[in-house]
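Trainee: mind folding the following:
(chains A and B)
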Amino acid sequence: MNVRLGPYSVRLAPRALLAGVALLLAGCLVAVAAISTGEFTVPVPDIITALFGQGTPVAELIVSKLRAPRVVTGLLVGAAFGMSGAIFQSLTRNPLGSPDFIGFTAGASTGGIIAVVAGGSAMTIAGGALAGCVITAALVYALAFRGGVQGYRLVLVGIGANALLLAVNSYLLTRANINDAATAGAWLTGSLSGRGWDHAIPVAIALAVLVPVCLYVARPMRMIEMGDDAAKAMGIRVEPVRAVAIAAGVLLSGVATAAAGPVIFVALAAPQLARRLTRSPGVTIGASALMGAVLLTGADLAAQRLLAPTQLPVGVLTAAIGGTYLALLLRKDRH
Amino acid sequence: MRPAVTMVETAEGPEEPAKGPVWARPAVLATGLVVALAALVLMAMASVALGARSVPFATVIDAFLAPDGSNDHTVIRELRVPRTLLGLGVGATLGLAGALMQSLTRNPLADPGLLGINEGAALGVTLALGVFGLSDPAVYVWFAFGGAALASVMVYSLASAGRSGSSPVRLTLAGVALGMVATAIASAILRMDSQTFDRMRFWLTGSLAGQTADTLVRLAPFMVAGLVLGLLLARPLNTLALGDDAGKALGVAVGRTRALTGVAVTLLCGAATAAAGPLWFVGLIVPHAVRALVGPDQRWVLPYSAVAAPVLLLGADVVGRLIARPGEVQVGIVWAVIGAPIFIVLARRKRVAAL
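Mentor: Numbers count the residues shown, from 1 in each chain, chains lettered A, B, ... in the order given. This is a model prediction of the structure:
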């Protein structure tokens, strides 16, 4: 279905729209549930009054200082991971091509651990994670470059970098003193607990810049999925598009990791789950972002409530998501 | 069921073997194997002598011939010797496992760690120790076998799912994904049980330290069984390298050879992982180097890999002990730091699929 508006036209797929709306609703539901339930229940109407500064002091503290920033961070971080995963799965043309496996997340972890050992504050750790991710990606890109970056070479070089960095991470952890090791270990599982507005706002700014970039390269990337030559024949400048897409994907996963720690498997699972829901032929950025947001906040909610009062790190839950996802891939493609 | 590996159709027929270069003649290769064995003995002696507290060779020999219960002798007999033997066993098993996997899958990037098989075995061991509270290595090794077998089946199914069939890159990516999931689940289990976590933290990064002689004795039969079975498969694997149809025509039971290779890989990887944790790259790099040296004949590649891998593994272990004295760096970390760059160089080559 094409909608034309002057010189612009938008192609609309009803199924994708429906899925998008459903995901948005699911996201809202999870967000409301996460804010309202818990040790101290805040009834839904009170959430709104509290957010506008009209509620009781207790409700206000719990809603706008504790739960809302956590939920918002979760939504934004999940969306960033989802988009990053979509970009890399499209580039590598493989449903397993996720930043988690090709070294970027491990690089972010290395940066974060170094910042912890150097005695950094929460902000330094976030900066270290972002720097680690970007440096790793630059190195992987440079090593994989041979007159252009083929998806498969990016994957293989990334896997090598991943192995190296995981080893470096465990080395750093064993050499760190016990307090630093505990701090770094907690950060490494990935967690949304204790996230405030100062975590959410940088992610929001990064998304505001990067989402337009992603949407801009989404179309040419669809062409590149058909092969470099085919894309070139259709007038796509393959290497620049790919470089921009990689940069956007790396920054997204770097910013997300900086805010929530290396939460793995969201970037892996979100794009394909979204693709199945929207029944689109390839991974799509928008649906992946929504799916990522729902997955991460849902996992975080489950992590808080499943074994309450024990709080699980959200990384444990997303690991379960990753396992389920692999099983799904096995089942779905077996015919 | 369709075969896990798509066939590479090439025009190769059985080659004339006789007129190879000088170094490829059986006598030369046999001599080379003896030299490699000698290197292994030397490396084992170095591994016994060197460490946080290095001991002169004379004392090492005394410790065997006339133990007097002194500190040095106790360290050697109780710690260094079991550790060295463990390194020997783990190295030989992983080297052979890697060579078998590369031959079976025709994938030059196949490695027990990279393809998630060691991680699957590690998850099995974690379940056995952390959840079921088993502590006998001869019992929990069966969980390692289960994990390794399940992981191999899953990796091949994942990689050959979809239309394009299996390729080295797909297989590697599927393995890494599976390995990460298995590791994440294993660490989640460990995090809930701090006692087991303390005991298994170093094991989970791959380490030869901290295992007793008893563990070795309990695991040795499985390692030996895997080694014998693996080495016996050299001839049918050689024939299968010509392709399934040619192999069948030459009288090889294709399905049975594949299945037996799978059993051997499971035995080797499961036992090695139960002993030393999930190690990466040992099974990748050694067979590569060996093939460059002795050519494609599995009857030489397999034994050379089984001998050369422990030389390098023990070497890495000694390095790990020496660079961080008085502490040590786990051998898994040393191997990853050495192995990852080599893997990247291999991956950058044009014809990754060439085997």
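Trainee: stretch B:271-282 and chain A in contact?
Mentor: Yes: under the criterion of CB under 8 Å from any CB of the partner chain, chain A is reached by stretch B:271-282 at B:280-281. C-beta here means a position set from N, CA and C on the backbone, and glycine is covered the same way.
Trainee: for whichever strand or helix holds B:Val34, packing partners?
Mentor: In the assignment (DSSP states H and E), B:Val34 maps to helix B:26-49. If you count contacts as 3 or more CB pairs under 8 Å, 6 or more residues apart in numbering or on different chains; DSSP states H and E, helix B:26-49 packs onto helix B:57-65, helix B:81-105, helix B:282-294, helix B:298-323.
Trainee: can you map out the helices along chain A?
Mentor: For chain A, the helices defined by DSSP state H occupy A:14-36, A:44-51, A:57-60, A:68-92, A:104-117, A:122-144, A:151-175, A:178-189, A:197-224, A:228-233, A:238-260, A:266-278, A:285-305, A:314-332.
Trainee: thinking again about what came up before, give the buried residues for the helix holding B:Val34.
Mentor: Within helix B:26-49, the residues that count as buried by 16 or more other CB atoms under 10 Å in any protein chain shown are B:29, B:32-33, B:36, B:39-40, B:43-44, B:46-49.
Trainee: right, and the helices of chain A - which one's nearest B:Val217?
Mentor: Closest of the helices of chain A to B:Val217 is helix A:151-175, at 28.3 Å (criterion: CB to CB).
Trainee: which pLDDT value goes with the residue nearest to the spatial centre of chain A?
Mentor: When CA atoms, centre = their mean is applied to chain A, the residue found nearest the centroid is A:Phe81 (1.2 Å). The score at A:Phe81 is 94. That number is its pLDDT.
Trainee: B:Gly13 too?
Mentor: Note on B:Gly13: pLDDT of 41.
Trainee: now swap in A:Arg279 and tell me
Mentor: At A:Arg279, pLDDT is 82.
Trainee: check B:Val35 too.
Mentor: pLDDT, B:Val35: 89.
Trainee: can you put the helices and strands packed on helix B:26-49 in a markdown table and add mean pLDDT?
Mentor: Compiled in a markdown table, the helices and strands packed on helix B:26-49 are given as follows (pLDDT from 0 to 100):
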| stretch | mean pLDDT |
| --- | --- |
| helix B:57-65 | 79 |
| helix B:81-105 | 91 |
| helix B:282-294 | 87 |
| helix B:298-323 | 90 |
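Trainee: these: which one's closest to B:Ser160?
Mentor: Of those, nearest to B:Ser160 by CB to CB is helix B:81-105, at 10.4 Å.
Trainee: near chain A, which residues of the stretch 201-350 of chain B are found?
Mentor: Proximity of the stretch 201-350 of chain B to chain A is confined to B:202, B:205, B:280-281, B:324, B:327, B:329-330, B:332-333, B:335-337, B:339-341, B:343-344, B:347-348 under the rule CB under 8 Å from any CB.
Trainee: what subset of those residues is buried?
Mentor: B:202, B:205, B:280-281, B:329-330, B:332-333, B:335-337, B:339-340, B:343-344, B:347-348.
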